[in-house]
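A.B. asks: Provide a 3D model corresponding to the input given below.
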Amino acid sequence: GNTAELVENIMLGAMVVGSGVDYFERKTNKAAVIRGERPDMQLAALETSTRCLVSTGAADPSEVVMHRAEEKEVPVIIARESTGAVVEAIEAAMSQARFRQKKKLPIITGMIKEALDVKALSQGLGLAG
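C.D. replies: Numbering: from 1, shown residues only. Modelled structure (predicted):
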């Protein structure tokens with residue numbers, strides 16, 4: 001599953017115009033940070049090499065997005081914080097993970113969750129319970 005891979009990049013879905021898939025294909029092994037009210041962008045990210053989807057803002061990810069993430073075995077983290085705060089937390093988690101050598105994604109998502117102090121949906125492999 002995807003969870004054995006390290007997150008190497010962070011991509012934001014905020015400023016994208018046109019096809020999200022073209023945009024999200026630019027980077028692999030990424031954490032995609034996208035507002036909950038943009039299911040189109042969240043779905044586009046899930047069609048590319050995404051290790052972890054972070055849904056920001058007040059809106060929950062749609063059922064369609066959650067279902068697709070489950071099919072793709074991509075963990076979803078729900079963060080109520082601003083996108084900027086989320087990115088800072090992920091960057092901190094990624095730099096710590098690199099420092100601790102080759103750690104697996106569940107560790108990274110755990111560290112992101114810890115950094116954000118958010119309730120996450122345990123959808124991905126190795127994240128349940």
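
A.B. asks: Please enumerate the strands of this structure.
C.D. replies: With DSSP state E as the criterion, the chain has strands at 9-12, 30-35, 50-56, 76-79.

A.B. asks: Run me through the strand neighbours of the second one, direction for each.
C.D. replies: In the sheet containing strand 30-35, its partner strands are strand 9-12 (parallel), strand 50-56 (parallel), by DSSP bridges.

A.B. asks: right, so these: which one is the most enclosed?
C.D. replies: strand 50-56 (a mean of 28; mean count of other CB atoms under 10 Å). Any C-beta I mention is one placed from the backbone N, CA and C, and that applies to glycine too.

A.B. asks: any idea how far Leu53 is from Ala93?
C.D. replies: As judged by CB to CB, to the nearest Å, Leu53 and Ala93 stand 15 Å apart.

A.B. asks: Please apply the same query to Ala85.
C.D. replies: Relative to Ala93, Ala85 is positioned 13 Å away (CB to CB).

A.B. asks: Tell me which of these two has more neighbours.
C.D. replies: Ala93 (23 against 14; other CB atoms under 10 Å).

A.B. asks: Thought Ile112 was touching the more buried one, still the case?
C.D. replies: Yes. Counting by CB atoms under 8 Å, Ile112 is a contact partner of Ala93 at 4.6 Å.
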